[in-house]
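*Asks:* mind folding the following:
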Amino acid sequence: MRKILMMVAVAMMTAMSAVAQKIEVVDADGHGIPLVSVLTEDGTLIGTTDLSGALSDVKGNAKVALTHVAYKPQMVTVASLVDGKVTMEDLDYSLTEVVVKPKPYIYVEALYRVYVYRNDSLCYFMSGIMPNAYNVQKKKLEHGSYYQARAEYCANWGASTTWGARAQVYHAGMITTFPLDVVEQKMKDRYFMSTTVNSPSRSTYSNAKGVIGYLTRNNGQVRMTLDAGKEQMYANEVKGETKLLEKRQEMGYEYQFVIAWKENEERTTGVENFLMDSNHWEYNDKKGHVKFFVETYATDHYYMDKEEWNARKKAIKKEYGESMTLDQLAEYERQHHIPSLSPATLQAIGKLKSQWGK
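*Replies:* Now for the predicted structure:
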């Protein structure tokens, strides 16, 4: 009898462990946080939260690490959560105001971190500095071709240009000055998306397929989160772009992003207002499933002239070369109050470097 009871107990425990363990990640106001990366303790990617902030299954992991470009990373014990809900603490991240000086460029320095996962295991990581200078008179963004090439190489690692992944370490749309309603009108015209203002601090983006994103305002900071893959594929459908749509569907193409910037009294934004963003692409190839993330943080901005711009580019290249070491990255994060890599991610990077023999 005792043996039978033990067998029944084991069977029940096995059945319980097979039940999907859902988690829901929310902010201080109770709104779901999309695009939270959920990892195991050793840095294996379990998945990312959807637009409602939910991940359907943590795959039996007792502890999970949560990371997001705009929130403080944390480790949580799944069993301790009430109804699977966890609140992430907002990242208090800001830049000093740009002092207006009679110089032709607004300089913006950005830290980028690139992660590539194949079949949920980290297979590539790189971090570096991207110098950008906005020519105020010409209304044109300039950056050294060396840095552009390095950044685009990292972000497009293994990607297929057939579905037009325009990966970059800054969000081009936010590196120009414009009112937000102009952006939303362009999104409506090009991608057939509508905007619903739910409250002064929150708007919803949707198309005929359903909700595809949100815009939130909090303490002078604006965040836009968008499922751009769904946005693009619906536009393909409406425009009759059948081949491109079928290619994206065949590849299991997904693309989401979140971007944050400061908003002034005129509710416009420009190069000096950009704060951070995170872009996430995934697709299938012959070797399995690929997911890659590009995180960007603006770290410095000020006015400068052409000579200062050229000198800064040379200084960055001399100090960091093709990429930062982990020690350089940690020091740069500390100096600029950027959340450091989570222990789970660092463990995965360490394992990766040992495999590379570096």
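*Asks:* helix or strand for Asp277, which one?
*Replies:* Asp277 is part of strand 274-285, with elements assigned from DSSP states H and E.
*Asks:* that strand: what's the following helix or strand?
*Replies:* On the C-terminal side of strand 274-285, the nearest following helix or strand under DSSP H and E is strand 288-304.
*Asks:* for that next one, packing partners?
*Replies:* Other helices and strands packing on strand 288-304, by 3 or more C-beta pairs under 8 Å, 6 or more residues apart in numbering; DSSP states H and E, are strand 105-118, strand 121-135, helix 145-155, strand 274-285. For every residue, glycine as well, the C-beta is placed using N, CA and C.
*Asks:* would you mark the buried spots in the strand holding Asp277?
*Replies:* 274-283 (16 or more other C-beta atoms under 10 Å).
*Asks:* same check on stretch 193-212?
*Replies:* 193, 195, 203, 205, 207, 212.
*Asks:* before we move on, what about stretch 285-294?
*Replies:* Buried residues in stretch 285-294, defined by neighbour count with 16+ other C-beta under 10 Å: 290-294.
*Asks:* residue nearest the centroid of this protein?
*Replies:* Ranked by distance to the mean C-alpha position of the chain (C-alpha atoms, centre = their mean), the top residue is Ser278 at 1.9 Å.
*Asks:* what's opposite that one in the beta bridge?
*Replies:* For Ser278, the residues forming beta bridges with it (DSSP bridges) are Val258, Glu295.
*Asks:* list the contacts of it.
*Replies:* 35, 68-70, 257-259, 293-296 (C-beta atoms under 8 Å, 6 or more residues apart in numbering).
*Asks:* distance of it from Ala260?
*Replies:* Using C-beta to C-beta, to the nearest Å, one obtains 9 Å as the distance from Ser278 to Ala260.
*Asks:* need the residues touching each of those two.
*Replies:* If you check Ser278 and Ala260 against C-beta under 8 Å, 6+ apart, the residues they both contact are 69-70.
*Asks:* looking at the contacts of Ser278, spot the one nearest Val182.
*Replies:* Taking C-beta to C-beta as the measure, Val182 lies nearest Ile259 of those, at 15.7 Å.
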